[in-house]
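What follows is a predicted protein model with its sequence.
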Amino acid sequence: MALYSEKVMDHFMHPRNVGIIENPDGVGEVGNAKCGDIMKIYLKIENETIVDVKFETFGCGSAIASSSMATEMIKGKSIHEAMDLTNKAVAEALDGLPAHKLHCSVLAEEAIKNALKDYYDRNGLPYDAKDFPDCEHCDHCQ
Ligand code: FES
């Protein structure tokens, strides 16, 4: 069996939603200290709906495919639905990632959560800090 699914290869070769958004409503940037990869997500939000999302990822193919798929999964969704997006759902939507590459999908989940937190912060909206685990101190990527 091939190491990477056709979907992973498709999103890696033809990533969706690459780029930046001018005047975004939320920006999230996360990095993985071990592999050195960095992911940045830009959100445009209207009436609690993600009307546009773009990403820049400096990282491996799985990180690029995960960013591409994750942005597709939250575009047009409410901020609450986006909050519920898990790295597991991203990996499943890609028809799986090799075990040693699952952390790449974690980067996508965390970048989106970070961007949503930025949106909440900018607008002075209340939130539960527990919903936004501190990347530095979580063990997802270990
Ligand atoms: Fe670092 Fe994939 S190896 S995100």
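Yep, it's here.

what about the spatially most central residue of the chain, is that helix, strand or coil?
Note on the chain: the residue nearest the mean C-alpha position is Ala108, at 2.6 Å, using Cα atoms, centre = their mean. Per DSSP: H, G, I helix; E, B strand; the rest coil, the secondary structure class of Ala108 is helix.

Would you check that it makes contact with Ser62?
No. Applying Cβ atoms under 8 Å as the test, Ala108 and Ser62 come out as separate, 9.7 Å apart. For the C-beta atoms, the positions are set from N, CA and C on the backbone; glycine is no exception.

still on that earlier bit, now do the same contact list for the residue nearest to the centre of the chain.
If a contact means Cβ atoms under 8 Å, 6 or more residues apart in numbering, then Ala108 has Met39, Ile41, Ala63, Ser66, Ser67, Met69, Ala70, Asn87, Val90 as its contacts.

how about the residues of the protein near the ligand?
Asn32, Cys35, Asp37, Gly59, Cys60, Ser62, Ala63, Lys101, Cys104, Leu107 (Cβ under 6 Å from any ligand atom).
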